[in-house]
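Participant: here's my sequence, what's the structure:
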Amino acid sequence: MKAIVFAGLLGVFLTPALANYNINVNDDNNNAGSGQQSVSINNEHNVANVDNNNGWDSWNSIWDYGNGFAATRLFQKKTCIVHKMNKEVMPSIQSLDALVKEKKLQGKGPGGPPPKGLMYSVNPNKVDDLSKFGKNIANMCRGIPTYMAEEMQEASLFFYSGTCYTTSILWIVDISFCGDTVEN
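Facilitator: Numbering: from 1, shown residues only. Just a heads-up that it's a prediction; the model follows:
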């Protein structure tokens, strides 16, 4: 009897730690906005998935906190871009998890502090082996041209004059991908 009670209590306390959480954000004006955005957090696998549904300008991003890589699939460009996660700028999975649980972002929009920004230079050479980025990223990018991106430092930002594709994630962080692969 004690074993059953203990197992029941263990399940009650572990469920929130291993659960998945979702948050949806709508941009009602959709004036150069983000359309509808949703974030799914899987604490068990240490992965966050961000979907931005905005017609042809839609994209999907996976942040794999376990291996330190993120990937964004740009549907309009028919490409996938992989980069190392900058953990000083990108929120931790616990922060995202807390935002979802508290529903701080639900319906609040861009009224808070300005988002942090990251800019990446996309290497024009295609990635041949997706397995080094983990199964989540490999599954998302399989079958489409995939490129590696390196974070640009502030000095490089000043001199860059090319076109960039920017993903804005829940008014928390803006990630820009720059280079020939996103210009065409």
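Participant: would you mind measuring from residue 64 to residue 95?
Facilitator: 16 Å (CB to CB, to the nearest Å). All C-beta spots, glycine's among them, are computed from the backbone N, C-alpha and C.
Participant: for residue 143, helix, strand, or coil?
Facilitator: Following DSSP: H, G, I helix; E, B strand; the rest coil, residue 143 is assigned to coil.
Participant: state the pLDDT value of it.
Facilitator: Listed pLDDT for residue 143 reads 95.
Participant: over to the one 5 residues further on?
Facilitator: Per-residue confidence (pLDDT) for residue 148: 97.
Participant: check residue 160 too.
Facilitator: Per-residue confidence at residue 160 stands at 62 (pLDDT).
Participant: kindly report the same for residue 59.
Facilitator: 94.
Participant: pretty sure it is touching residue 75, no?
Facilitator: Yes: at 6.1 Å, residue 59 counts as touching residue 75 under the criterion of CB atoms under 8 Å.
Participant: these two - which one has more neighbours?
Facilitator: Between residue 59 and residue 75, residue 59 has the larger neighbour count (other CB atoms under 10 Å), namely 22 against 16.
Participant: so what's the more buried one up against?
Facilitator: The contact partners of residue 59, by CB atoms under 8 Å, 6 or more residues apart in numbering, come to 52, 72-75, 167.
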